[in-house]
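J.: Give me the fold of what follows.
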Amino acid sequence: MSFRNLAAAAAGLLVLTFTSLAQVTALEGDVKGTDGQPLKDAVIQIVRTDIKGNYKVKTDKKGHYIYTGLPIGVYTVTLVVDGKEVDNIKGVKTSPGDPHREDFNMKAAGSTKAARDEEVKKAMETGQMSKELEKSLTPEQKAAMEKSIKDAAERMKKNAALNSAYNDGLTALNNKQYDVAIENLTKASELDATQIAVWSNLASAYVELAKTKTGADFDTAMGKAIDTYKKALELKPEDPGLHNNYALALAKDKKFPEAQTELQKAATLDPANGGKYYFNLGALLVNAGQYDPAAEAFKKAIELTPTYADSYYQLGVCLSSKMTTGADGKVSAPPEMAQAFQKYLELAPTGKDAQGAKDMLAMLGASVQTQYKNPDAKTPPKKKK
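T.: Okay, here's the model as predicted:
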């Protein structure tokens, strides 16, 4: 090889070397805290976004940072204080020459962020971005904001339609316009299938409609009511009220075992109101002429809520089915029957069934006590004469 060629090769090597050195730069800046003073030991994360690359540096006691030997590229520079990202600058493009500078001022950023948040909020409400907001956004951020505004507008439109259909459905239900209620509540369920109130009221509308029907029309309406309650319970299986209402619908459809199961679930989920649920079960069984199971339900209601007067009265009514009349015309009944009516009168001496309880006790020849006495109360000592 001639010296000329060697020289040319060496020149090529030099060019390559200088080109490699020219592809790095530095990034520096100052960081000020929320008090406007230099912030020491803040972490600056430098993440390359055009290709993979992660770098990190801390600020010195003057709040200054510098990272040298940084490859030319596009970066997101993030300020991290106490392990939390508090600010970032996206789309930072570095170039050869003097260090690229990016400063952080948490005090200024706080007020700037508040102003920007207000602009974003206004844009979401009005559906229009201000010129100031547009200028502050990168193309990617602007596209994302436009999508958010469009999505928000669609949600508002959908919510308005949902509220209108739901409210129209409730109004119709209250006015006993059951077909209209079902039409509107069905529309509401199609707009948003996650609203429990919609499904619950739709089920109630079907139940009320069924009450006005007979035969196959009754069966169809009750079947839809039961299916609708199932959908509501899929959304909120731990709701005792839903189990109770579902049970009542099942009972109206003469599905008593299933109704009993649902009321037992309601009582388990809500022990404080367990007496109410078992009372409902007992009432359903009475209406079906099943007095023995009804009596057991009322006993359970009394066990869970001993002060629930109506349970005692209904228990007495159930036990009256076991009354017999002897050849001498004397009436005999289970001893618990008189006790149940007496307890009702103790708890509700002026209740709606008070006269009925008194009449039953009179027939049984039992004394009528209409004032409640606490069996645990101590009798005061007699005064000496």
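J.: List phi and psi for the residue lying closest to V74 once chain neighbours are set aside.
T.: Once flanking residues are discounted, V74 sits nearest to D50: 4.5 Å by CB to CB, 6 or more residues apart in numbering. Backbone N, C-alpha and C define where each C-beta goes, glycine included. When read as degrees, to the nearest 10, the backbone of D50 gives phi -80, psi -30.
J.: mind checking how far D50 is from T94?
T.: Going from D50 to T94 by CB to CB, to the nearest Å gives 11 Å.
J.: Can you check which residues contact both of those two?
T.: Here D50 and T94 have 73-74 as joint contacts, going by CB atoms under 8 Å, 6 or more residues apart in numbering.
J.: So for those two, which sits in the more crowded spot?
T.: For the pair D50 and T94, the greater number of neighbours falls to T94 (20 against 11), based on other CB atoms under 10 Å.
J.: residues contacting that one?
T.: Taking CB under 8 Å, 6+ apart, one finds 25, 27, 70-75, 100 in contact with T94.
J.: Out of those, which comes closest to M360?
T.: Here the nearest of the contacts of T94 to M360, counting by CB to CB, is Y75; it sits at 89.2 Å.
J.: contacts for the helix or strand hosting that closest one?
T.: Element membership of Y75 [criterion: DSSP states H and E] is strand 74-81. Strand 74-81 has contacts (CB under 8 Å, 6+ apart) with 27, 31, 33, 39, 42-50, 85-94, 102, 104, 106.
J.: Restricted to buried residues, select those in ChimeraX.
T.: The buried subset of the contacts of strand 74-81, as determined by 16 or more other CB atoms under 10 Å, is captured in ChimeraX by this line:
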select :27,31,33,39,42,43,44,45,46,47,48,86,87,92,94,102,104,106
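J.: Mind checking which of the contacts of strand 74-81 land in helices?
T.: The members of the contacts of strand 74-81 that map onto helices under DSSP state H are M106.
J.: now Q45, which residues is it bridged with?
T.: K56, T78 (DSSP bridges).
J.: give the contact list for it.
T.: Counted by CB under 8 Å, 6+ apart, Q45 has contacts 54-56, 77-78, 80, 85.
J.: Just flag the most distant two among the residues you listed.
T.: Longest span within the contacts of Q45, CB to CB: Y55 and E85, 15.6 Å.
J.: buried stuff in stretch 160-176?
T.: Those would be 162, 165-166, 168-170, 172-173, for stretch 160-176 by 16+ other CB under 10 Å.
J.: and K52, how many neighbours?
T.: Quick note: K52 (other CB under 10 Å) scores 7 neighbours.
J.: Against T138, how distant is it?
T.: 20 Å.
J.: Kindly report the same for G33.
T.: For G33, the distance to T138 - CB to CB - is 26 Å.
J.: which residue is nearest the middle of the chain?
T.: Most central in the chain under CA atoms, centre = their mean is K236, positioned 9.0 Å from the mean C-alpha point.
J.: OK, contacts around it?
T.: 196, 242.
J.: next one: phi and psi at it?
T.: phi -140, psi 70.
J.: K176 too?
T.: phi 60, psi 30.
J.: Let me see the contact set for it.
T.: E208.
J.: now N201
T.: N201 makes contact with 166, 169-170, 173, 181, 185, according to CB under 8 Å, 6+ apart.
J.: G73 and V47 touch, don't they?
T.: No - contact criterion CB atoms under 8 Å: G73 and V47 do not qualify, at 10.3 Å.
J.: anything in contact with each of these two?
T.: Common neighbours of G73 and V47 (CB under 8 Å, 6+ apart) are G53.
J.: ok, so of the contacts of N201, who is nearest L209?
T.: Using CB to CB, those come closest to L209 at A181, 8.3 Å.
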